[in-house]
Each structure stands twice: as structure tokens, then as C-alpha cells.
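Novice: 3D model of this:
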Amino acid sequence: MSMLNARSILVTGSNRGIGLELVKQLVEKSNRPEWIFATCRDPEGPSAQALKNLAAKHEGVVINPLDTCEPNSIKAAAARVTECLKGAGLNLLINNAGIARRASIEHETSENMSEVYRTNVIGPMVITQAFLPLLRKASRESPQKGMSCSKAAIVNMSSASGSITNLLGWEVGHAISYRCSKAALNMLTRCQSLGFAEDEILCVALHPGWLQTDMGNSGGIPAPMKVDEGVKEILNTLACLSDKYNGTLVNIDGETLPW
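Specialist: Predicted coordinates for the structure are as follows:
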């Protein structure tokens, strides 16, 4: 099995759920990254206590304040990461932060749509733009051939509920704004894959499955998979992604899903 061998990884939305578990499992790897940049909106708030405890125990875990809806916050986070890396590039950017608002097609609001779109689509776009110089640097300086998450990659945490073909979970909940935002994120990923192809930066949208997180359990029906089990599969899949997956939507088993 291929191994994820990235020197530096940044994960947004690291204070809970999938983001927090990614940081937990990354620090436990035998070949763990030298730098794990864990970002969240309010590192000093109570919701970030578990992340702070983790960072206190493990050298190289750097907590960065980053509000995905605030361009100045994003620029400041990119500057801090650049300073930490001391001339090196960033190997892997995981745009994990996201929100959901559950509303039917009859009751969805423009406010919900704007808020969710801003966080789930505009946020990853602006974050990627801010960290693009570091991703390009990592790609240029890597001796590896082709594309991989160990070299230079953007992974956008998406959902098969945004698949126009599958429309996963419609019977469980409509969540119109969430579905539309993930469909848009999938398109953004495809555009990034074309725009950054010459830089050999791998761009993938990942459907993490239905996991037992605050978001996953918010629909009133318990999610079927524990978050630690799901994240273990996610990391295994990231290690195996290559050129052929560029610009695709994949699940945690590495299977390509229809748009």
C-alpha cells in the first residue's frame, strides 16, 4: 500500500469532527508530517480545547486562526504558515471547513444559501488562492514525478449529496443550500484541476461518507460510521491518489463518483 509522505499539511476546520480526527491520526503516523497546520475560526474558544490539548502534546502541530469567510484572516494565516515553513512549500491543503443548513426546497432561504455558499465554496476558493504560491513551490522542488498528495495537492472536502447524478440522501433530508454548495465545490475542483495542471498540483473533491460527527448526526438519524474509522480510510485513499484522479470526485475507498 502507498504511504502518505507529505512534509507539510494544512487542514481547515480542525477543531472538531473530520478535521480534528485528521490531525489526531496524522500525528500518530510513523512517518508523520514535520508540520501540521491546524486552522479554525477561534483557537481560543472552548470548541478548540481538544485541538489545543493535541497541539500541546505534539511538536509540529501549529494552530492557526483562520476564518474561511474573511479574506484578511486567510491572508494572515498564509503569511504565518509561510514564515513557519522557512522557504519550503506546502504539500497538502485540505479544505475541510464547512457548514450545513437543513431546509426543504419550499423553506430554503436566500440567507441560508448565501451563508453556506460563502463558507463551502468561496472559502475554499480564496484559501487555495492564498496558499497557491506555497503549493507551487512544493511541486517545483519535489523530486517526485507526476501528481500525488505527498508532492502538492488540494483536497476539497465535498459530498455525494452534491452529485447531480446521485443526489445522495434526498430521502433523509433536502438540505438545498448544502447540496448546491457541494455541487459548486465540485465544479471549483474541476476548474482548479485544469488551472493548476501545468503546476502538477493534484486537485480532488472527496466525499468522506456519512460519519458520526456533529454535522453527520444533525439530521436526526445516526450516521453509520465512526469518525475515526472514516478518517483512517480517507488517509489511506489520499496516499493512493495520482494523476488519473485529478479533477474527480472520489469516495473514501478511492472510487470515482459521478458528478
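Novice: give me the low-pLDDT residue ranges for the stretch 101-250 of the chain?
Specialist: Regions of the stretch 101-250 of the chain meeting the criterion pLDDT under 70 cover residues 169-170, 172-173, 211, 213-224.
Novice: what are the ranges of the helices in it?
Specialist: 110-117, 123-141, 176-195, 227-240 (DSSP state H, counting those that start in this stretch).
Novice: Tell me which of those helices approaches residue 54 most closely.
Specialist: Checking the helices of the stretch 101-250 of the chain against residue 54 by CB to CB gives helix 227-240 as the closest, at 13.7 Å. All C-beta spots, glycine's among them, are computed from the backbone N, C-alpha and C.
Novice: Touching that closest one from outside, list them.
Specialist: Taking CB atoms under 8 Å, 6 or more residues apart in numbering as the criterion, the residues outside helix 227-240 that touch it are 1-4, 17-18, 21-22, 24-26, 29, 92, 149-150, 153, 155, 206, 208-209, 211-213, 216, 250-254.
Novice: which ones are touching residue 180?
Specialist: Here residue 180 is in contact with 113, 116-117, 162 (criterion: CB under 8 Å, 6+ apart).
Novice: Against residue 162, how distant is it?
Specialist: With distances defined as CB to CB, to the nearest Å, the gap from residue 180 to residue 162 amounts to 7 Å.
Novice: Residue 50 now?
Specialist: For residue 50, the distance to residue 162 under the criterion CB to CB works out to 28 Å.
Novice: more neighbours, these two?
Specialist: Using other CB atoms under 10 Å as the criterion, residue 50 and residue 162 rank with residue 162 on top: 25 against 15.
Novice: Just give me the neighbour total for the closest residue in space to that one that isn't next to it in sequence.
Specialist: Using CB to CB, 6 or more residues apart in numbering and skipping residues adjacent in sequence, the residue nearest residue 162 is residue 182, 2.7 Å away. Other residues within reach of residue 182 by the criterion other CB under 10 Å amount to 28.
Novice: ok, residue 182 - contacts?
Specialist: For residue 182, the set of contacting residues under the criterion of CB under 8 Å, 6+ apart consists of 120, 158-159, 161-162.
Novice: Quick check: the residue nearest to residue 116 when sequence neighbours are not counted vs residue 109, distance?
Specialist: The shortest distance from residue 116 to any non-neighbouring residue, by CB to CB, 6+ apart, is to residue 177 (4.1 Å). According to CB to CB, residue 177 stands 8 Å off from residue 109.
Novice: okay, and the common contacts of these two?
Specialist: Where contact means CB under 8 Å, 6+ apart, the residues bridging residue 177 and residue 109 through contact with each are residue 103.
Novice: ok, those two, which is more surrounded?
Specialist: Neighbours of residue 177 and residue 109, each counted by other CB under 10 Å, are more numerous for residue 177; the result is 24 against 12.
Novice: From what I see, that one and residue 117 are in contact.
Specialist: Yes - in terms of CB atoms under 8 Å, residue 177 counts as a neighbour of residue 117; the distance is 7.1 Å.
Novice: where do the contact lists of the two overlap?
Specialist: Shared contacts of residue 177 and residue 117, counting by CB under 8 Å, 6+ apart, come down to nothing at all.
Novice: Residue 77: which of the helices of the stretch 101-250 of the chain is closest?
Specialist: Using CB to CB as the criterion, the shortest distance between residue 77 and these is 7.5 Å, found for helix 123-141.
Novice: what residues are up against residue 43?
Specialist: Taking CB under 8 Å, 6+ apart as the criterion, residue 43 is in contact with 15, 51-52, 63-65.
Novice: Give me the nearest residue to residue 158, chain neighbours excluded.
Specialist: Spatially, and ignoring its direct neighbours in sequence, residue 158 is nearest to residue 205 (4.0 Å; CB to CB, 6+ apart).
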